[in-house]
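> Here's my sequence, what's the structure:
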Amino acid sequence: QDVYEKGEKLDFPDSVVELFQGQLGKPYQGFPKKLQEIILKGRKQLEGRPGESMPPVDFEQIQKELFEKLGRQVTSHDLLSYALYPKVFLDFEQFRQQFGDVSVLDTPTFFYGLRLGEEIEVEIEQGKTLIVK
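Next comes the predicted model:
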């Protein structure tokens, strides 16, 4: 309801706009027309299959580009993530460089931190566990 009422003033993330353009495919019977108009703000909806209009991907070139940007070996997971979502991948890498691999933290600790006196165990690799208090 908020989107219908305030949508003209809202700035939607690229991922939402791309979804409503049809770049991730189209839902059965499409999107509600009014909602799609609000989100697209005059942008065109894709016709046909999303991949038809995309240029071929040169994975070797992307791998070289990523190697230069990251300064490390590029995994196939990195390569595909960057090819699909370049900005999201680079933002994630920047976060990981700044804060390390936070995937080892449990969800409450990640979002809220530790309470005074709380202690957790963090397995940083097999056989290596840190006790954080």
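
> For this structure, which segments count as helices?
2-6, 14-21, 33-40, 59-70, 76-84, 86-99, 107-112 (DSSP state H).

> Just put these in CSV and tack on distance to P50 and mean neighbour count.
Placement of C-beta: from N, CA and C, glycine included. Below are the helices of the chain laid out as CSV (distance: least, C-beta to C-beta, whole Å; neighbours: other C-beta atoms under 10 Å):
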stretch, distance to P50, mean neighbour count
helix 2-6, 23, 10
helix 14-21, 9, 15
helix 33-40, 15, 14
helix 59-70, 19, 14
helix 76-84, 12, 15
helix 86-99, 17, 12
helix 107-112, 33, 10
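
> In CSV: those, plus mean pLDDT and distance to E121.
Below are those laid out as CSV (pLDDT from 0 to 100; distance: least, C-beta to C-beta, whole Å):
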stretch, mean pLDDT, distance to E121
helix 2-6, 91, 42
helix 14-21, 91, 35
helix 33-40, 94, 44
helix 59-70, 94, 30
helix 76-84, 93, 27
helix 86-99, 92, 19
helix 107-112, 90, 11
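
> could these go into JSON lines alongside distance to Q126?
Shown next, in JSON lines, are the helices of the chain (distance: least, C-beta to C-beta, whole Å):
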{"stretch": "helix 2-6", "distance to Q126": "46"}
{"stretch": "helix 14-21", "distance to Q126": "35"}
{"stretch": "helix 33-40", "distance to Q126": "45"}
{"stretch": "helix 59-70", "distance to Q126": "25"}
{"stretch": "helix 76-84", "distance to Q126": "20"}
{"stretch": "helix 86-99", "distance to Q126": "20"}
{"stretch": "helix 107-112", "distance to Q126": "20"}
